[in-house]
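[1] no FASTA, just this:
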């Protein structure tokens, strides 16, 4: 067997990659309807580490903290879905990027209820 020697250099991961991992992982959790917009208005447009429904903070280039803003389906256990989101996102970031995850905060912004249509009048 041939031994592989490491090549000198470094790998840099853009914050947008972490945003995408967190967002797509969250959307794949059962009970999540969609991501919510972030609170904060215009100021968030100029900040790096902020994407659709996700805010990422990286401490010392080693520890990832995430805030996820979600809208859940109406027929789910909020606590269970929140814990599944936290576990799934932490695992995905850790396994895919190799960074340590400090916190995954889940913010339930709304619940999607089915739209009731009015019955036709006779």
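    That came in fine, so what should we check first? Computed from a prediction, not measured in an experiment: that's the story for all the values here.
[2] which residues touch the spatially most central residue of the chain?
    The structure's the chain has its C-alpha centroid closest to residue 22; by CA atoms, centre = their mean the separation is 3.2 Å. Taking CB atoms under 8 Å, 6 or more residues apart in numbering as the contact definition, residue 22 lies against 54, 56, 66, 68, 89, 92-93. Using the backbone N, CA and C atoms, a C-beta is placed for each residue, glycine as well.
[3] which secondary structure elements does the helix or strand harbouring residue 107 contact?
    Element membership for residue 107 (DSSP states H and E) is strand 100-112. Taking 3 or more CB pairs under 8 Å, 6 or more residues apart in numbering; DSSP states H and E as contact, the helices and strands that strand 100-112 lies on are strand 63-73, helix 78-97.
[4] So, low pLDDT: which residues of the protein?
    Under the criterion of pLDDT under 70, the regions of the chain flagged as low confidence span 1, 40-51, 117-122.
[5] give me the number of residues near residue 39?
    Residues contacting residue 39 under the criterion other CB atoms under 10 Å number 11.
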